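Visitor: Sequence first, then the predicted structure:
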Amino acid sequence: MLDSNNLSSTTTITNDSNMQIRLEFFSDGLSIDYDRKANLDHYMDSLSKFGPQNLSTLMDNFSQGGQQKFSCIINNPFVPWVSDVAAQHGIPCAMLWIQPCSLYAIYYRFYNQLNTFPMSTDNKMDVELPGLPLLHYEDLPSFVLPSNTFNSFPKLFSEMFKSMEKLKWVLGNSFYELEKDAIESMTGICPIIPIGPLVPSILLGNGESNDIGVDMWKPDETCITWLDDKPNSSVIYVSFGSIVVLSAKQMEELALGLRNSNRPFLWVVKPSDYTTKDGKGELPTGFLENIEGQGLVVKWCPQTEVLMHPAISCFITHCGWNSTLEAVASGVPVISFPQWTDQPTNAKLITDVFRNGVRFGPDQDGLVSKEEVERCISEIMDGPKGEEFKKRGLKLKEAARKAVAEDGSSDHNIQMFMDEIIGRDNNDPSM
């Protein structure tokens, strides 16, 4: 969490008498009203410039204020400079890899030049890596492609993957049983320790949720009431997260495909942050009237509750890793519609490794037609293949729960991580 350059704040959150989470904020060097989303490269540059000193000052103030000392810093891949701050304060640093372990393997090999990747936009070569299925050009993460237009992120990744010795641990938001081959492929190079899936605990069978979270927009709870009236395994859930905005033509094709499927659907259409003259992100004229009685369109929804609802049959998603893991943990089959960054590779994992879904096939212009939408819906909901996807989804759901249960693979890894930190705090010379 980052603050503006003139404000500071401390927040304490607790849902349990035995647990307390304290949020501290530091400046990224920009004003609070600066549009970070529209200027990502400048935002990341400012964060890299001002973040290290401001984080270090925050840590000094925290310790001098009589608080307990820090035992470890856990950062994410987009702030690699945090490891230098940790070293300055004499504490170890762990990185929480927030994408699949498979992406970690791809990026590590790419930035350390261990394997060959496409070097030009007209080179549609396939990439073969240990522990992964054969990756076609369209399966690769956008940051390793010559066509990538975001300069700041590849720069950050390059810095991080060339200085991994600064990290004591790399923790992964996944679980061993889901990505066994990719995880094992990195064991002798630069290991990643899976501790996930890091999803709302209610998805993992923990009964009433005590999770702490923040919705970016107010969810429309009426969708749950709407789902209550639908038969089990009958509704298509459609959501592309908080960032993806589809073209007007793609919105039209998707809308027509959903309508022509003659199946009930729940579609999250977030109002675009920016008004566009070409209708980008907007529903076709008259669509809402045409789907009355068949579909429901909302601006935002409580995704955890929706995925757990018995009426949901499948999930059309952009394949962001959080949504992908939530689909795995809830046992819901997936129709993949990836857009950028890790999403194309996540879609490849869904079809070839996890085997819990299908992928939209775009035409030569990159457009997914209404016929393709109908085809994929039919494939994942009907006949023998539909039953296979349901069974596979339930198998992955059970595996996810076992991984985080007592003595499960992820539970074991978290305990090992905590034991090492405790050992260091007890002045264990091996730490």
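Guide: Perfect, I can see it now.

Visitor: How many neighbouring residues does the residue nearest to residue 189 when sequence neighbours are not counted have?
Guide: Nearest residue to residue 189 in three dimensions, chain neighbours excluded: residue 108, at 7.0 Å (CB to CB, 6 or more residues apart in numbering). C-beta here means a position set from N, CA and C on the backbone, and glycine is covered the same way. Other residues within reach of residue 108, judged by other CB atoms under 10 Å, total 22.

Visitor: residues contacting residue 108?
Guide: Under the criterion of CB atoms under 8 Å, 6 or more residues apart in numbering, the neighbours of residue 108 are 114, 161, 164, 186, 189, 190.

Visitor: Same list, those, but as TSV with distance to residue 302, neighbour count and secondary structure please.
Guide: Listed next are those as TSV, based on distance: CB to CB, whole Å; neighbours: other CB atoms under 10 Å; DSSP: H, G, I helix; E, B strand; the rest coil:
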residue	distance to residue 302	neighbour count	secondary structure
114	42	12	coil
161	36	18	helix
164	38	16	helix
186	35	20	coil
189	40	14	coil
190	38	16	coil
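
Visitor: now, which of those sits nearest residue 375?
Guide: residue 186 (36.5 Å; CB to CB).

Visitor: and the gap between that closest one and residue 72?
Guide: Counting by CB to CB, to the nearest Å, the separation of residue 186 from residue 72 is 21 Å.

Visitor: So what does the residue nearest to residue 189 look like in phi/psi?
Guide: Main-chain dihedrals, residue 108, degrees, to the nearest 10: phi -60, psi -50.

Visitor: Distance check, it against residue 351.
Guide: Taking CB to CB, one finds residue 108 at 23 Å from residue 351.

Visitor: Would you mind giving the domain segments of this structure?
Guide: Per automatic domain parsing, the structural domains of the chain span 1-34, 216-404.

Visitor: buried stuff in the host helix or strand of residue 387?
Guide: In this assignment (DSSP states H and E), residue 387 forms part of helix 383-404. By 16 or more other CB atoms under 10 Å, the buried positions in helix 383-404 come out as 386, 389-390, 392-393, 396-397, 399-404.

Visitor: which ones are touching the most centrally placed residue in the chain?
Guide: In the chain, the residue lying closest to the centroid (CA atoms, centre = their mean) is residue 321, at 2.7 Å. Contact analysis of residue 321 by CB under 8 Å, 6+ apart lists 98, 99, 100, 173, 342, 346.

Visitor: Low-confidence ranges, this structure, go.
Guide: 1-19, 66-67, 122, 207-218, 272-280, 425-431 (pLDDT under 70).

Visitor: Mind doing that once more with 50?
Guide: 1-12, 17, 273-275, 428-431 (pLDDT under 50).

Visitor: how about the strands of it, start to end?
Guide: 2-3, 10-16, 19-24, 26-27, 73-75, 93-97, 169-172, 193-194, 235-239, 265-268, 295-298, 312-317, 334-336, 357-359 (DSSP state E).

Visitor: Run me through the strand neighbours of the fourth one, direction for each.
Guide: Put plainly, it is strand 26-27. strand 2-3 (parallel) (DSSP bridges).

Visitor: Report the buried residues of the top helix by length along the chain.
Guide: Ranked by residue count and defined by DSSP state H, the top helix of the chain is helix 40-64. Under the neighbour-count criterion of 16+ other CB under 10 Å, helix 40-64 has 43-44, 46-48, 50-52, 54-56, 58-59, 62 buried.

Visitor: Tabulate those (TSV), appending distance to residue 303.
Guide: Formatted as TSV, the buried residues of helix 40-64 follow (distance: CB to CB, whole Å):
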residue	distance to residue 303
43	26
44	27
46	31
47	28
48	32
50	34
51	30
52	35
54	33
55	31
56	36
58	32
59	34
62	34
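
Visitor: quick check, nearest of these to residue 127?
Guide: residue 44 (26.4 Å).

Visitor: Just list the residues touching that closest one, thanks.
Guide: Per CB under 8 Å, 6+ apart, neighbours of residue 44: 78, 152, 153, 156.

Visitor: Then residue 262?
Guide: With CB under 8 Å, 6+ apart, residue 262 has these contacts: residue 294.

Visitor: Next up, phi/psi of it, please.
Guide: Backbone torsions of residue 262, given as degrees, to the nearest 10, read phi 60, psi 30.

Visitor: Which stretches in the protein count as helices?
Guide: So, for the chain - with DSSP H - the helices run 40-64, 82-88, 101-111, 152-161, 180-185, 222-228, 248-260, 287-290, 303-308, 321-330, 343-349, 370-381, 383-404, 409-425.

Visitor: quick one: buried residues of the fifth one?
Guide: When neighbours are counted by 16+ other CB under 10 Å, the buried residues of helix 180-185 are found to be 182, 183, 185.

Visitor: State whether the last one and residue 115 are indeed in contact, as I suppose.
Guide: No: in this structure, residue 185 is not within contact of residue 115 by CB atoms under 8 Å, at 11.3 Å.

Visitor: Overlap in contacts, those two.
Guide: residue 129.
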